[in-house]
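J.: how would this look folded up:
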Amino acid sequence: MGTTRRNDRDDPGGLVSLRPARIALVYLLISLLWVVFSNRLASMFFRDDPDLLQRVTSFNGPAIVLVTSFLLFLLLHRHVVAYRRKEHELRESREQYRLVVESAPDAILIHDGERFVFANPEAAKLFGAASPEEIVGRDVLAFVHEDSQDAAAGRMRQNVLLQAPARLREQRYLRLDGTPIEVEVAAVPFALETTAGALVFVRDISRRKSMERALRERDLTYRLLAENSHDVIFTLDPHQRPTYVSPSIRRLRGISVQEAMAETIEQMMTPASAARVRQAAEQLLNGDTVDPNFVSRLELELRRKDGGTVWAEAVVRPYFDAGGVFLGLVGVLRDLTERRAVEAELRHSREFLGMLVEAIPDPVFVKDKEHRFVLVNGALCAMLGQSSDVIVGATDHDFVAREEADVFIARDNMVLESGGEDLFEEQFTDKEGHSHTLVTRKGLFVDASGGRFIVGVIRDVTRDKIRERQLRDSLLEKEVLLKEVHHRVKNNLQIISSLLFLQKDAIEDPAVQDIFEESRNRIATMALIHEELYRSGDLARVDLKEYLERLVPKVVQSLRGQKSIGFALNLAECRVTLDKAIPFGLIINELVTNAVKHAFADRTEGNIRLTVAREGDQVQAVVEDDGVGLPPNFHPDAVKSLGMQLVVQLTRQLRGVLTFGPASPGSVFRLGFSLGDNLG
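T.: The predicted structure is shown next:
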């Protein structure tokens, strides 16, 4: 605050300090002195002239009035001038104080011990009021948080009752909307017109406290991080002396923090590692300035307390204070024991993989996305007739014809785009002009950095193709021969059937003729199987559906004579081997023959139904008729006829199950057997 200095020429002397009572006393003193000394002076100067003395004496009263009035005027004039100057200084002082209070960065308030009687604009801003008048008249404690109520009340009593100042203290206040704020408060006694009060200074420290809390939390976080980190965190001064070491040093080196803090660089590590540290420090501190972006990575061999050593990776960089002054180095030590073990294992794995790739007799290669070879084995070098140094870095265009190389690269692109495997037969012409057939399997490999590579294995199948062609030709010859065998067997069986037919015509006994006819049908059944084999193209298995569609009509037509016997076929597709087809065909032949001959003995018409179904590896065949049915106590084992004996024996040969029984009307025979290993 400014003050008004008094000018010497305006100083009225000691009279300025006279108060009204003093002015009256001075006036009275001067009057008495005039009365006492004026007559004496007149007598002294005019005693020789009585007339003049009388006239002078007669002016004594007016003269005293004039003199005292003039003196009084001077006194009052000086007093008024001094008063006006003081009043002007007071107004200036008040204006200065007002500007100071209204412009103060802190909240300034005055209270009478209960309520606020004054608030500056900063106080309104602090408490969230529209204007200072919104605060004036409110209860002081209404702005104090409940946590600080007791302390605030005690400080108010100290100001108002004890007239003692309250020192600066942190408290919690409330805004008008109830939001808590953290403030610093100081107060001094302040006299009001009618009562005692207090002048209060309030400063908002919410932001500072928030920053302090954030700083404490950050410091705590950093400390927790440093003290609980598996890695060792350390700092060094500009002379490479330790200033901080985290507790992880015990895990790494087996020593305490205090022991680590007392060591020098040479004591911490082996001489070779210490030399690397000193060299890195010289690079950092070379010159007057320190590069803030300097980072050094070193692998150091540290000494342990038990006499051994441990390898650790140190990452070190400089750190500075807020003013940019170099304070030292901060770094992290990480135990490399596991990493070195992994690296050693990886190195051994690579060596083993290299030996394995070299040991593979087939050519092996790895290409990058630009189709350049990055890895090849000896077999590929032998195939291309080049060393690995020549092949690595080159492409297929450098070793084979352009047309062949374009095919190779096109298949590479398919692997790169799809990410799947590719198995492809390719043609390759070696440097001697010989053509080779290659089967190449390619796959995509993506490394840890995202690099895409094509891994391929090549097999030269040229000789295999030649052998395959030879085997195919040989197989074709054998198939032709086998078809010829089946064809000749069929022809021979037909010849036998024809001979039986001719012999039958020479026999007059009907019973013997029936025997010849049945034998002829059995031979025809077997001949039909051989015919199916060489006609179908599959020389190993017979299609039962096609076979039965030809067999049943022949059997029924040859035996029904003048009778009207119909048949229905419900056949599933099923292929069986020759050793099962022949007994199965003979069984069906016998069952259908018996149905035609015996089921309709007293009738001129009837129906036979054959059903063949397959369930997994089981074949179920059912022969039904609507004839007279089976005789009482019928059993195939008890029947002496050759046909039924063949059915029983052939069922056993198939290792099947034969069941029989009456139908409504007629009879039914069910045959079930397993295909075994010969699934069709």
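
J.: helix or strand for Ala341, which one?
T.: helix 337-359 (DSSP states H and E).

J.: CA atoms only for that helix, dumped as CSV, please.
T.: As requested, the backbone C-alpha atoms of helix 337-359 are provided in CSV (Å, rounded to 0.1, in the frame of the first residue of the first chain):
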residue,chain,number,x,y,z
THR,A,337,20.4,-66.3,-16.7
GLU,A,338,17.1,-67.6,-18.2
ARG,A,339,17.5,-65.7,-21.4
ARG,A,340,21.0,-67.0,-21.9
ALA,A,341,19.8,-70.5,-21.2
VAL,A,342,17.0,-70.0,-23.7
GLU,A,343,19.4,-68.5,-26.3
ALA,A,344,21.7,-71.5,-25.8
GLU,A,345,18.8,-73.9,-26.2
LEU,A,346,17.7,-71.9,-29.3
ARG,A,347,21.2,-72.1,-30.7
HIS,A,348,21.2,-75.9,-30.1
SER,A,349,17.8,-76.2,-31.6
ARG,A,350,18.9,-74.3,-34.7
GLU,A,351,22.0,-76.5,-35.0
PHE,A,352,19.8,-79.6,-34.5
LEU,A,353,17.3,-78.3,-37.1
GLY,A,354,20.1,-77.6,-39.5
MET,A,355,21.4,-81.1,-39.1
LEU,A,356,17.9,-82.5,-39.4
VAL,A,357,17.2,-80.5,-42.6
GLU,A,358,20.6,-81.6,-44.1
ALA,A,359,19.8,-85.2,-43.2
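
J.: State the next helix or strand along the chain beyond it.
T.: strand 364-368.

J.: I'd like to know how far Glu89 sits from Tyr83.
T.: According to CB to CB, to the nearest Å, Glu89 stands 11 Å off from Tyr83. Where C-beta positions appear, they are placed from N, C-alpha and C, glycine not excepted.

J.: element containing Leu224?
T.: Per DSSP H and E, Leu224 falls inside helix 206-228.

J.: From one end of stretch 317-326 to the other, what's the distance?
T.: Stretch 317-326 has an end-to-end distance of 11 Å (CA to CA, to the nearest Å).

J.: Apologies, that question was intended for stretch 495-514.
T.: Using CA to CA, the end-to-end distance of stretch 495-514 comes out at 19 Å.

J.: Show me what the mean pLDDT comes to for it.
T.: Stretch 495-514 shows a mean pLDDT of 71.

J.: Would you mark the buried spots in the helix holding Ala341?
T.: Residues of helix 337-359 classed as buried by neighbour count (16 or more other CB atoms under 10 Å): Val357.

J.: tell me the angle it makes with strand 364-368.
T.: 120 degrees (axes from the mean of the first three to the mean of the last three CA atoms, to 10 degrees).

J.: Any chance you could list what contacts helix 337-359?
T.: Helix 337-359 is contacted from outside by 310-311, 313, 364, 375, 377-378, using CB atoms under 8 Å, 6 or more residues apart in numbering.

J.: okay, stretch 406-422 in CSV with CA atoms only?
T.: The C-alpha atoms that make up stretch 406-422 are tabulated as CSV, following Å, rounded to 0.1, in the frame of the first residue of the first chain:
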residue,chain,number,x,y,z
ASP,A,406,6.5,-69.0,-63.4
VAL,A,407,4.6,-72.1,-62.3
PHE,A,408,6.7,-72.4,-59.2
ILE,A,409,6.1,-68.7,-58.3
ALA,A,410,2.4,-68.9,-59.0
ARG,A,411,2.0,-71.8,-56.5
ASP,A,412,4.1,-69.7,-54.0
ASN,A,413,1.6,-66.8,-54.4
MET,A,414,-1.3,-69.2,-53.7
VAL,A,415,0.3,-70.2,-50.4
LEU,A,416,1.0,-66.5,-49.5
GLU,A,417,-2.5,-65.4,-50.2
SER,A,418,-4.5,-68.4,-48.7
GLY,A,419,-2.2,-69.3,-45.8
GLY,A,420,-2.9,-72.9,-46.4
GLU,A,421,-0.8,-75.9,-47.6
ASP,A,422,-0.3,-76.7,-51.3
